[in-house]
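Colleague: A predicted structure for the sequence below; I have some questions about it.
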Amino acid sequence: MTLYDPQALVRHITQEIGRLTAHLASAEPAEAAQVLAQVLAPEGILDEVTDLMAAGSRFARDCATVGALPAEVWLAIGRAANELAAVSNDLAEHTEDLHRLARPPVVVGIPPVASPLVARRHR
């Protein structure tokens, strides 16, 4: 028995991704970089969507083998899953650059120097 409505879940996730997209479009660079790094990270949104498409490809394959779907549907979904996986792997190489941009810059200053006005007590 399903405890949730899958179509409602898809609508909710779609809306949330839309909200995240709108936020990303107006975010400061450091915050946008942080969001993108999380999206591209292993087990991030892109990996999860890739896994979803891979599961869809297996479903379409099973349907195609019994004639319920044309083989072209299976091939198209499988190609999409494979391409997403390739893109995800390519982008994963750049997450460290995004993390670097998300970190506040380190300000290297002049070390403090004792002021000549400081009186020292001798004991």
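Modeller: Everything's here; your move. Residues are numbered from 1 along each chain as shown.

Colleague: who does the helix or strand encompassing residue 72 touch, helix- and strand-wise?
Modeller: Assessed by DSSP states H and E, residue 72 sits inside helix 71-92. Helices and strands touching helix 71-92, by 3 or more CB pairs under 8 Å, 6 or more residues apart in numbering; DSSP states H and E, are helix 29-40, helix 45-65. Every residue, glycine included, has its C-beta placed from N, CA and C.

Colleague: what's the closest of the ones you listed to residue 79?
Modeller: helix 45-65 (8.7 Å; CB to CB).

Colleague: Now do the contacts for the closest residue in space to residue 30 that isn't next to it in sequence.
Modeller: Sequence neighbours aside, residue 102 is the residue nearest to residue 30 in space, at 5.1 Å (criterion: CB to CB, 6 or more residues apart in numbering). Counting by CB atoms under 8 Å, 6 or more residues apart in numbering, residue 102 touches 30, 31, 33, 34, 37.

Colleague: so the fourth one touches residue 98, yeah?
Modeller: Right, residue 34. Yes. Counting by CB atoms under 8 Å, residue 34 touches residue 98, with 7.4 Å between them.
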